[in-house]
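Asker: got a sequence here, can you build the structure:
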Amino acid sequence: MSEKKKVVVGLSGGVDSSVAAYLLKEQGYDVIGVTMQIWQDDYSSDNEENISAINDAKAVAEKLEIPYYVLNFRDEFKENIISYFIDEYFKGRTPNPCTVCNRFIKWEALLKRCKELGADFVATGHYAGIDKLPNGRYSIKNSVTATKDQTYALYNLTQEQLAHTIMPLGNYTKDQVRAIAADLKLPIAAKPDSMDICFVPDGDYAGFIKEYSGKDAVPGNFVDTKGNILGQHNGIIHYTVGQRKGLGLSMGHPVFVVKVKPETNEVVIGENDDIFSRTLYADRINFMSIDNLTTEMRVTAKIRYNHKGAPCTIKMIDNDLIECTFDEPVRAITPGQAVVFYDSDYVVGGGTII
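Answerer: Coordinates of the predicted model:
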């Protein structure tokens, strides 16, 4: 490389971002490590996990001998992510904050800071790749390891963001990454992966919503698919389509949430067959490998992070409304979640299920 390109790597304190920083340095990049302060106060007394992450990231930066900064994005995060998360639950939807955060915080806000640092690129430890296709557009590409593939959460990135992004781990497996970290004697080589939403580490979404918003979840009726009252629920923020556990209903056999109806404050309960459907509609569309969808297109669609994907046909039925028809019924299509479309290994685009 004739001239060193400067890249800002988002260091989370985990093994993936740490190895990404190392690989880029080995490739000749001028690497800067950054931890994004997006949720709690830097050093509040109840924030041991956050302090630990910063300390781990700082230790990695020192080991790799790269500059390191902690940047404050709390205002942007609360405005774009927390408010959205709460509003969606009160609308009877199940939000996907990571896809929104990736676009508007981890990329949009960070890219602005990058320019202030004189950087050319941002980089992350996601298991995915980025290619420039023959049509001139950039697209996220599946990683070599399906078990850690993270393309689903990245479908919302723009062409401008992708043009200034590097993802070094797309050709590595998790075992390979941990082995690299161990060989380097990085202090986080054996650190477990984080699985929860960062601002609700205990998984109690309803408790977080009530505490942060100050709003009570109003109890209402459980009803069957014909409208017959079955019992009383604790408030719609406690339920999502496909849910079986925690309903508190004694029906003598397993039943599931079929629909959440905020307009009547009802939660519709049904049988397993009732939560399968062949068709979904989505808006807030972001195309990636293509500029627009002008005809029907055969793709594979994922309707949640851990969904393996299913073959389907998509078509636009309005300016920002897409219809997706699956070849076979799929389970628990959930309003508020992302649907992501793939053509072979590449992300075509995606949207929010309505």
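Asker: and the strand or helix carrying residue 59, what's buried?
Answerer: In this assignment (DSSP states H and E), residue 59 forms part of helix 48-64. Buried residues in helix 48-64, defined by neighbour count with 16 or more other CB atoms under 10 Å: 50, 53-54, 56-61, 63-64. (Each C-beta comes from the backbone N, C-alpha and C, glycine too.)
Asker: strands of the stretch 151-300 of the chain, start to end?
Answerer: Remark: strands assigned in the stretch 151-300 of the chain by DSSP state E, counting those that start in this stretch are 165-166, 220-224, 229-233, 256-261, 266-270, 276-287, 297-302.
Asker: let me have these in JSON lines, extended by mean pLDDT.
Answerer: Shown next, in JSON lines, are the strands of the stretch 151-300 of the chain (pLDDT from 0 to 100):
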{"stretch": "strand 165-166", "mean pLDDT": "95"}
{"stretch": "strand 220-224", "mean pLDDT": "97"}
{"stretch": "strand 229-233", "mean pLDDT": "97"}
{"stretch": "strand 256-261", "mean pLDDT": "98"}
{"stretch": "strand 266-270", "mean pLDDT": "98"}
{"stretch": "strand 276-287", "mean pLDDT": "98"}
{"stretch": "strand 297-302", "mean pLDDT": "98"}
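Asker: of all the ones you listed, which lies closest to residue 240?
Answerer: Closest to residue 240 of those is strand 256-261 (CB to CB; 6.4 Å).
Asker: the closest one pairs with which strands, parallel or anti?
Answerer: Paired strands of strand 256-261, with direction, are strand 266-270 (antiparallel) (DSSP bridges).
Asker: any idea how far the partner strand is from the chain center?
Answerer: In terms of CA atoms, centre = their mean, to the nearest Å, the centre of strand 266-270 is found 27 Å from the chain centre.
Asker: just the C-alphas of that strand, formatted as PDB.
Answerer: Written as PDB, here are the backbone C-alpha positions of strand 266-270 (Å, rounded to 0.1, in the frame of the first residue of the first chain):
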ATOM      1  CA  GLU A 266     -56.300  -7.200  22.800                       C
ATOM      2  CA  VAL A 267     -53.900 -10.100  22.400                       C
ATOM      3  CA  VAL A 268     -55.200 -12.700  20.000                       C
ATOM      4  CA  ILE A 269     -54.500 -16.300  20.900                       C
ATOM      5  CA  GLY A 270     -54.600 -19.300  18.600                       C
END
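Asker: thank you kindly, that will do.
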